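Asker: model this:
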Amino acid sequence: MRRKILLGLVAVAGLLPSIGCGLPFNRYDSDPNYRMTQLLNESEDLRQAREEGHRFWMNNQPSVLTYERLNGAIGP
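Answerer: Numbers count the residues shown, from 1 in each chain. So this is what the prediction gives:
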């Protein structure tokens, strides 16, 4: 019984910092100007990561399923 309680306490202690309320400090600065710079930098990082994912999965390439094929051959 003690082992289960101890295991539960260790699990809760391990998850507590990842909740967000368990951290004793804020993620962003209290100065509004500096906080806006931090938020802009973070959003730019997320945008670049999303674009990198699209590039990796080739979602940003033009579709090859078009009605008109432009392959350099002599057209009609």
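Asker: quick one: pLDDT of Ala11?
Answerer: On the pLDDT scale, Ala11 is placed at 77.
Asker: no no, Ala73
Answerer: Note on Ala73: pLDDT of 61.
Asker: for Asp31, same thing?
Answerer: Predicted confidence (pLDDT) for Asp31: 91.
Asker: The one 4 residues further on now?
Answerer: The predicted local distance difference test score for Arg35 is 91.
Asker: Tell me, how many residues neighbour it?
Answerer: By other Cβ atoms under 10 Å, 14 other residues sit near Arg35. No exception for glycine: its C-beta is placed from N, CA and C like everyone else's.
Asker: Check which helices and strands the helix or strand hosting it is in contact with.
Answerer: In the assignment (DSSP states H and E), Arg35 maps to helix 32-56. On a contact count with 3 or more Cβ pairs under 8 Å, 6 or more residues apart in numbering; DSSP states H and E, helix 32-56 meets no helix or strand.
Asker: start the count at 6, not 1, going forward
Answerer: Got it, first residue is 6 now, which makes that one helix 37-61.
Asker: What residues of that helix count as buried?
Answerer: By neighbour count with 16 or more other Cβ atoms under 10 Å, helix 37-61 contains no buried residues.
Asker: again with stretch 8-21
Answerer: With burial defined by 16+ other Cβ under 10 Å, not one residue of stretch 8-21 is counted as buried.
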